[in-house]
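> pasting a predicted model and its sequence here:
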Amino acid sequence: MARVLPDVPAIDKTFDYAIPDALADQMRVGTIVRIPLHGRRVRGWVVELPNAPATDRPLQPIAKVTGWGPPADVLDLASWAAWRWAGKPATLLRTASPPVAVRGLPPPPASGHQNRAIARDSVPRNGGGDVAELVAEGLTLPAAVLRLPPAADASEAVVAAMGGRGSGSALVLAPSLAAAYDLARALRRAVEPVAVMPGDWARAAAGGSVVVGSRAAAWAPAPDLAVAVVVDEHDEAYQEERAPTWNARDVVVERARRTGARCLLLSPCPSLDVLECHPLLVASRASERAGWPALEVIDRRREPPGQGLFSSRLVAVAREGGRVLCVLNRKGRARLLACAECGELARCEACASAVSQGDDGLVCGRCGATRPAVCGACGSQRLKALRVGVSRAREELEALVRRTVTEVTADGAPPEGLAADAVVVGTEAVLHRVALADVVAFLDFDQELLAPRYRAGEEALALLARAARVVGGRFGGKVLVQTRIPGHEALEAAVHADPGRFAVVESARRAALGFPPHAALAAVSGEEAEVFVARVTAAAGVESSGAVGARWLLRAPDHRVLCDALAAAERPAGRLRVEVDPLRA
């Protein structure tokens, strides 16, 4: 007999089925099968092969074996993740299953071809071997955070980590499929074999491979996992937007802990979540300075009225020639107000976030606080809105620099055949679609620094690190930042090539405000949110900050308290969405 979890959203329980003799040799924990359920055939996963059924009723036979599915260790991991992110195991097992039916696995690679010898002259170098030394030190620890400067080649660290993995599997995650394929090409020159997810699911399940992929690859089969590496662990692309909102980085860390594998988390600006839990290894100051470009901060507080979006310094740089990328993010309904008299930004007195104009004054989008529409610095009641979209910015810049300006956004067509002296205006998507530039200019960086979410500063620093990769290190191009907060700790960290400056200040701020990693958060929305929140907050240690719009925010001292309370509370029948570790809180 087999215990099967159906792939049905409304069902979160297992059922026992008899195994026909003809299918007995194909049955194992994780096998994907078809089972009769309520008059129809549905897909399911074999989660256990028990000795006795859990019911006295006659067992129906399994109808069909579809093929291989997630291994037993991934099934256990999915059960943990369902608790951790308040979801259902079936949702996670869909991600862990192969994209097409896998009837059999290829033979494992021959033991003599697990690893090629890594030629030192074939591996990209960065500042006198700092990267290889950091990796070697990191592999002596169960898990470690490696802070590599933006200009460092992550493939060097990944290749170095694979060199000592032995005959076991390895798992490498990148924030995008394009980055995963780039890493796979670098690994194939030094290590074999490489399985790129999701297409090489069967090869990965056979064992002995370096498994490479993006977010979903956290669930890939990797028998005898020896080493796991997450590149750019700070990238929010690792978090699933649909509920359950699992984070691939955290899944990989837990998976490595369970299997005893070594885990390396790479980032130019590590998130506070991992710094709180794992030791930090840092390159030498010389390497880190060389890996960050020159950053010029343009203070716009004292500019004359009517200057517009473009400072005279930025216009002068754009006229000099070279490829210039201008970044202007206008997401959602974000608004930015400044005093018409002194130029200071309108900020919330409670949480320091940007405020917008409401019917009854100024309203904070983060904490919901309201106050009169007056400047907190000089008391003036004259406030001006700073809002210019990408399209209008392109027209204005084109007139100022007297050069053709190209517009790039996330939903537009990718730029083709850009000239070496092209000027481009776009959202942050331009930093992912254009590989190299001489100058990256942030037209309105205050919108990033003061965004109404607790991770705003962290995301702003990550954006600077992304720009640093586009222009190169200290001896490459430059990054220009227009701001009215020139002393912000994220900017100070980038100017001094020392992300630790930001981490110290930001950690203290979050501790005072009760934000992660010093607390655990969950956002609840939907028509039954209020009922469910009342049930969850009945548990000790969980409190609600009240509703902001149709969304409730739950807070607990740690994830164990929060997730236990979410799992214990009975869910109402209506629509409900639970986001554990919400990105936009």
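Good, I have the coordinates. This one's a predicted model, so the numbers in the text were calculated from it and none came from an experiment. Numbering: from 1, shown residues only.
> residues touching the residue nearest in space to the middle of the chain, list them.
In the chain, the centroid-proximal residue (C-alpha atoms, centre = their mean) is residue 236; its distance is 2.3 Å. By C-beta atoms under 8 Å, 6 or more residues apart in numbering, the residues touching residue 236 are 459, 583. The C-beta positions use only the backbone N, C-alpha and C, and glycine is treated the same way.
> gap between it and residue 342?
34 Å (C-beta to C-beta, to the nearest Å).
> again, but for residue 578
43 Å.
> ok, now residue 197?
Distance from residue 197 to residue 342, by C-beta to C-beta: 54 Å.
> again, but for residue 502
Taken as C-beta to C-beta, the span from residue 502 to residue 342 is 27 Å.
> same thing with residue 392?
26 Å.
> domains of this protein?
Each domain of the chain is listed here as a residue range: 2-96, 118-288, 292-336+386-509, 520-580, per automatic domain parsing.
> pLDDT below threshold where in the stretch 401-550 of the chain?
411-414 (pLDDT under 70).
> ok, longest strand in the protein?
strand 40-48 (DSSP state E).
> helices of the stretch 101-250 of the chain, residue ranges please.
In the stretch 101-250 of the chain, the segments counted as helices under DSSP state H, counting those that start in this stretch are 130-138, 154-162, 177-188, 201-206, 248-259.
> run through the neighbouring helices and strands of the first one.
Using 3 or more C-beta pairs under 8 Å, 6 or more residues apart in numbering; DSSP states H and E as the contact criterion, the elements in contact with helix 130-138 are strand 143-147, helix 154-162, strand 262-267, strand 280-282.
> I'd say residue 231 and residue 182 touch.
No - using C-beta atoms under 8 Å, residue 231 makes no contact with residue 182, being 10.0 Å away.
> tell me how far residue 72 lies from residue 49.
10 Å.
> identify the contacts common to these two.
residue 29.
> so how far is stretch 210-219 off the chain centroid?
Remark: stretch 210-219 is offset 14 Å from the chain centroid, using C-alpha atoms, centre = their mean, to the nearest Å.
> swap in stretch 50-68?
On C-alpha atoms, centre = their mean, the centre of stretch 50-68 falls 39 Å from that of its chain.
> residue 141 and residue 261 touch, don't they?
No - applying C-beta under 8 Å as the test, residue 141 and residue 261 come out as separate, 11.8 Å apart.
> between those two, which one's more packed in?
When neighbours are counted by other C-beta atoms under 10 Å, residue 141 and residue 261 differ, and residue 261 comes out ahead with 22 against 14.
> I figured residue 161 hits residue 265, correct?
No - under the criterion of C-beta under 8 Å, residue 161 is not in contact with residue 265, lying 11.3 Å apart.
> where do the contact lists of those two overlap?
Joint contacts of residue 161 and residue 265 (C-beta under 8 Å, 6+ apart) are residue 229.
> pipe the helices of the stretch 101-250 of the chain into a markdown table and attach mean neighbour count, mean pLDDT and distance to residue 422 per row.
Putting those into a markdown table (neighbours: other C-beta atoms under 10 Å; pLDDT from 0 to 100; distance: least, C-beta to C-beta, whole Å) gives the following:
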| stretch | mean neighbour count | mean pLDDT | distance to residue 422 |
| --- | --- | --- | --- |
| helix 130-138 | 21 | 92 | 32 |
| helix 154-162 | 24 | 93 | 27 |
| helix 177-188 | 18 | 95 | 21 |
| helix 201-206 | 23 | 97 | 40 |
| helix 248-259 | 21 | 98 | 35 |
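> so where do the helices sit in the stretch 301-450 of the chain?
Under DSSP H, counting those that start in this stretch, the stretch 301-450 of the chain gives helices at 312-319, 390-401, 430-433, 446-449.
> which residues touch stretch 73-83?
Here stretch 73-83 has contacts from 29-30, 45, 47, 70, 87-89, 91-93, 96, 219, 221, 244, 246, 251, 254-255, 258-259, 563, 567, using C-beta under 8 Å, 6+ apart.
> repeat that for stretch 354-364.
333-337, 345-348, 350-351, 353, 365, 369-373, 383, 385, 446-447, 450-452.
> same question, stretch 395-406
308-310, 315, 318-319, 326, 388, 394, 415, 418, 421-425.
> find the residue closest to residue 524 in space, skipping its chain neighbours.
Nearest residue to residue 524, sequence neighbours excluded (C-beta to C-beta, 6 or more residues apart in numbering): residue 552, at 4.5 Å.
> confirm that neighbour sits in a helix?
No - the assignment for residue 552 (DSSP: H, G, I helix; E, B strand; the rest coil) gives strand, which keeps it out of a helix.
> contacting residues for it?
Residue 552 touches 523-525, 529-530, 533, 544-546, counting by C-beta under 8 Å, 6+ apart.
> closest one of those to residue 288?
residue 523 (35.6 Å; C-beta to C-beta).
> please save the CA atoms from the helix or strand where that closest one lies in PDB.
If you go by DSSP states H and E, residue 523 is part of strand 520-525. Output of strand 520-525 as PDB, limited to C-alpha atoms (Å, rounded to 0.1, in the frame of the first residue of the first chain):
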ATOM      1  CA  ALA A 520       8.700  37.900  12.400                       C
ATOM      2  CA  LEU A 521       6.000  39.400  10.200                       C
ATOM      3  CA  ALA A 522       3.000  38.200   8.300                       C
ATOM      4  CA  ALA A 523       0.500  40.100   6.200                       C
ATOM      5  CA  VAL A 524      -3.000  38.900   6.000                       C
ATOM      6  CA  SER A 525      -5.600  40.100   3.400                       C
END
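> partner strands of that strand, parallel or antiparallel?
strand 551-556 (antiparallel), strand 577-580 (antiparallel) (DSSP bridges).
> now do the shared contacts for residue 231 and residue 182.
Common neighbours of residue 231 and residue 182 (C-beta under 8 Å, 6+ apart) are residue 174.
> list the contacts of the nearest residue to residue 573 once chain neighbours are set aside.
Setting aside the residues directly before and after it, residue 573 is nearest to residue 528 in space (C-beta to C-beta, 6+ apart), at 7.4 Å. Contact partners of residue 528, counting by C-beta under 8 Å, 6+ apart, are 571-576.
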